[in-house]
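# whatever this is, show me its structure:
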Amino acid sequence: MTCQTPPALPLCLSLANWVAGFDAGGMTALARTRAREAIIDVIGCMLAGAAGETVHALARAQAAGSSGAARALGLPAGLPAAQAALVNGTAAHLIDFDDNFFPAITHASAVMVPALLALADERDLSLDDVLVPYVAGLEVQARLGLHANPGHYEAGWHATSTLGAIGAAAACARLLRLDAGATANALSLAASLAGGSKLQFGTAAKPLHAGFAAMHGILAAQLAAAGIDAFHGIFEGPWGFLAHHAAAGTPADADTGALAIDRFGLVAKLYPSCMSSHLGLDGILALRERHGLDAADVAGVHIEMPPFMIANLRFAAPVSGTEGKFSMNYCAAVALTHGVPRIAHFADDQVGRADLAALGRLVSMAPRRPDPTLPWGGDAAVTIRTRSGARFETIVRHPKGSIGNPLSEAEARDKFRDCCALSLPEAPARELELSLAGDWRDHPVRAVTAVFAGTRATPAV
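Residues are numbered from 1 along each chain as shown. As a prediction, this is how the structure comes out:
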């Protein structure tokens with residue numbers, strides 16, 4: 001009698017089994033700490049985004065004829081969870097200050113935190129109730145990302161919108177405590193909702209991708225909870241999600257036994273611009289400080305980085321603040337002139353400054369061989385030449401905010417306060433900061449979302 005190896009489960013069902021069985025006992029202390037830090041960071045980014053006209057317009061559109069128990073930024077009344085997540089997810093990603101998660105190449109927290117807060121808001125849950133679902137959704141994003149990337153991202157898909165929606169569905173299914181079968185249905189339904197092209201970079205549609213993914217994650221989980229079924233083999237085969245979405249990854253690496261949040265961590269941004277600009281910015285800032293460089297003495301800046309980063313930085317001569325976030329030329333000019341780029345540097349009137357435009361024209365980029373040992377795909381070589389004839393060079397391997405080069409407590413605190421200042425008066429902002437630093441077990445999500453209606457930027461609806 002011969003032993004036969006049982007057939008492998010479809011990836012969708014394998015992921016669902018893991019999500020449904022994951023609980024707080026499976027989380028390390030490090031995972032809990034990193035999840036808390038990521039959630040706090042993106043709440044700050046949501047409050048910063050609340051001041052944006054895109055969020056105002058979206059809030060006005062969603063408020064028409066809708067009501068519910070979940071709070072959305074910029075609205076005095078509540079919305080159904082999916083619609084609140086659309087508004088809040090867009091706000092989280094609006095100024096491109098939210099974290100990056102490189103196994104999936106997503107802005108993971110900008111999708112999952114708004115979705116989870118909206119669902120938890122409806123159910124009057126605590127912040128602590130969000131932690132396990134957050135880590136579960138992050139794990140699904142990582143495992144799918146390792147199957148799909150780099151081909152998926154390089155083909156032009158915005159993974160925040162595609163893989164993000166599926167990860168959010170996993171997180172929401174776990175929050176709703178769906179069983180494995182219903183969770184698999186949620187993941188499959190989310191795969192049918194997933195979409196989004198990187199051609200939207202530099203437009204208002206780009207932050208909407210995070211909102212769409214948050215909304216779709218909730219919708220998929222709610223439909224699955226209502227009994228809607230879907231195909232559990234959705235990811236594999238010639239008609240599967242991975243084939244349709246140009247997957248070219250390493251499935252063998254997708255499940256190592258260690259949680260992705262422990263293994264990879266997240267990259268908390270210090271600069272409110274496209275992550276592809278950050279290695280270059282790190283190098284420029286290091287050389288500027290090390291050698292006391294003055295912008296007036298700079299004759300040229302040359303940055304070598306992985307090709308996909310160059311492709312994302314599409315605007316050599318940006319004409320708006322949004323385009324400036326996707327311009328290495330502009331970001332470099334800001335760093336040389338002012339030091340660490342701040343939120344205010346990406347206002348439209350700043351991008352139009354003649355001195356920054358002239359400095360930006362001195363910046364060039366060239367492709368550098370990718371390094372697959374680095375989660376973000378490679379390092380960057382930065383060279384600055386001066387008018388006095390000097391030449392300074394550096395290599396940057398770990399972007400600021402990554403686990404190899406983390407933000408200090410002071411940097412994280414200052415970032416949160418800068419974000420809050422855009423839409424909250426000082427007193428409630430300080431109260432929110434202190435409450436988020438406390439015990440989350442008895443901290444209702446509604447205590448956080450109640451702040452959303454009190455933003456200074458609340459529009460008339």
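# residue 364 in helix, strand or coil?
What DSSP: H, G, I helix; E, B strand; the rest coil gives for residue 364 is strand.
# quick one: contacts for residue 385?
Residue 385 makes contact with 298-302, 391 under the criterion C-beta atoms under 8 Å, 6 or more residues apart in numbering. Quick note: C-beta positions are derived from backbone N, CA and C, even for glycine.
# pretty sure residue 247 is in contact with residue 151, am I right?
Yes: Residue 247 is within contact range of residue 151, at 5.5 Å (criterion: C-beta atoms under 8 Å).
# compare the two (neighbour count), which wins?
A direct count of neighbours by other C-beta atoms under 10 Å for residue 247 and residue 151 places residue 247 higher, at 22 against 15.
# below-threshold pLDDT in this structure: ranges please.
Residues of the chain meeting the criterion pLDDT under 70: 1-7, 248-256, 456-461.
# centroid residue for it?
Centroid-nearest residue in the chain, with C-alpha atoms, centre = their mean: residue 107, separated by 1.8 Å.
# residue 129 versus that residue, what's the distance?
23 Å (C-beta to C-beta, to the nearest Å).
# cool, residue 190 as well?
Distance from residue 190 to residue 129, by C-beta to C-beta: 21 Å.
# higher neighbour count, those two?
Taking other C-beta under 10 Å, residue 190 and residue 129 do not tie; residue 190 has more neighbours (34 against 19).
# what packs against the helix or strand where the more buried one lies?
In the assignment (DSSP states H and E), residue 190 maps to helix 180-193. Applying 3 or more C-beta pairs under 8 Å, 6 or more residues apart in numbering; DSSP states H and E, we find helix 180-193 packed against helix 11-21, helix 159-175, helix 205-225.
# mind listing residues that contact the helix or strand just after the last one?
Following helix 205-225 in sequence order, the next helix or strand is helix 241-244 (DSSP H and E). Residues from elsewhere that reach helix 241-244, judged by C-beta under 8 Å, 6+ apart: 147-148, 152, 191, 194, 234-237.
# alpha carbons of helix 241-244, as CSV, please.
What follows is helix 241-244, C-alpha atoms only, in CSV (Å, rounded to 0.1, in the frame of the first residue of the first chain):
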residue,chain,number,x,y,z
PHE,A,241,-6.2,36.3,-9.7
LEU,A,242,-2.4,35.7,-9.8
ALA,A,243,-2.2,34.9,-13.5
HIS,A,244,-4.5,37.8,-14.4
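# and this protein, what are its domains?
Per automatic domain parsing, the domain ranges recorded for the chain read 11-263, 275-396.
# give me whichever of those domains is most buried.
Neighbour counts (mean count of other C-beta atoms under 10 Å) averaged over each of the domains of the chain peak at domain 11-263, with a mean of 23.
# next, the distance between the ends of it.
Terminal residues of domain 11-263 lie 21 Å apart, using C-alpha to C-alpha, to the nearest Å.
# that one: how far from the chain's middle?
10 Å (C-alpha atoms, centre = their mean, to the nearest Å).
# any idea how far residue 135 is from residue 262?
9 Å.
# quick check: neighbours shared by the two?
In contact with both residue 262 and residue 135: residue 31, using C-beta under 8 Å, 6+ apart.
# just to revisit the earlier point, same list (the contacts of residue 385) but as a markdown table, adding distance to residue 376 and secondary structure.
Shown next, in a markdown table, are the contacts of residue 385 (distance: C-beta to C-beta, whole Å; DSSP: H, G, I helix; E, B strand; the rest coil):
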| residue | distance to residue 376 | secondary structure |
| --- | --- | --- |
| 298 | 26 | strand |
| 299 | 29 | strand |
| 300 | 25 | strand |
| 301 | 21 | strand |
| 302 | 20 | strand |
| 391 | 26 | strand |
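# re the thing from before, the domains of the chain: which one's closest to residue 445?
Residue 445 lies closest to domain 11-263 among these, at 4.2 Å (C-beta to C-beta).
# where do the helices of the stretch 301-450 of the chain begin and end?
307-312, 321-324, 328-338, 348-351, 354-360, 409-421, 426-436, 445-449 (DSSP state H, counting those that start in this stretch).
# likewise the stretch 1-150 of the chain?
11-21, 29-49, 53-63, 81-94, 108-123, 128-148.
# helices or strands up against the next helix or strand after the last one?
Once the chain leaves helix 128-148, the next helix or strand it forms, by DSSP H and E, is helix 151-154. The contact analysis (3+ C-beta pairs under 8 Å, 6+ apart) places helix 151-154 against helix 159-175.
# now the angle between helix 180-193 and the helix it packs on, please.
160 degrees (axes from the mean of the first three to the mean of the last three C-alpha atoms, to 10 degrees).
# reformat the domains of the chain as JSON lines; add distance to residue 441.
Putting the domains of the chain into JSON lines (distance: least, C-beta to C-beta, whole Å) gives the following:
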{"stretch": "domain 11-263", "distance to residue 441": "5"}
{"stretch": "domain 275-396", "distance to residue 441": "32"}
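# looking at those domains, which is closest to residue 433?
Per C-beta to C-beta, nearest to residue 433 of the domains of the chain: domain 11-263, 8.5 Å.
# in PDB, list the C-alpha atoms belonging to stretch 220-238.
Output in PDB follows, covering the C-alpha atoms of stretch 220-238 (Å, rounded to 0.1, in the frame of the first residue of the first chain):
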ATOM      1  CA  ALA A 220     -16.500  41.500   1.000                       C
ATOM      2  CA  ALA A 221     -16.500  40.400   4.700                       C
ATOM      3  CA  GLN A 222     -20.100  41.600   5.200                       C
ATOM      4  CA  LEU A 223     -21.300  39.700   2.100                       C
ATOM      5  CA  ALA A 224     -19.500  36.600   3.300                       C
ATOM      6  CA  ALA A 225     -21.100  37.000   6.700                       C
ATOM      7  CA  ALA A 226     -24.500  37.200   5.100                       C
ATOM      8  CA  GLY A 227     -23.900  33.800   3.400                       C
ATOM      9  CA  ILE A 228     -22.700  34.800  -0.100                       C
ATOM     10  CA  ASP A 229     -20.300  32.200  -1.400                       C
ATOM     11  CA  ALA A 230     -17.400  32.500  -3.900                       C
ATOM     12  CA  PHE A 231     -14.900  30.300  -5.600                       C
ATOM     13  CA  HIS A 232     -12.100  29.100  -3.300                       C
ATOM     14  CA  GLY A 233      -9.700  28.500  -6.100                       C
ATOM     15  CA  ILE A 234      -9.700  32.100  -7.100                       C
ATOM     16  CA  PHE A 235      -5.900  32.700  -6.900                       C
ATOM     17  CA  GLU A 236      -4.500  29.800  -8.900                       C
ATOM     18  CA  GLY A 237      -4.600  28.600 -12.500                       C
ATOM     19  CA  PRO A 238      -4.800  30.400 -15.900                       C
END
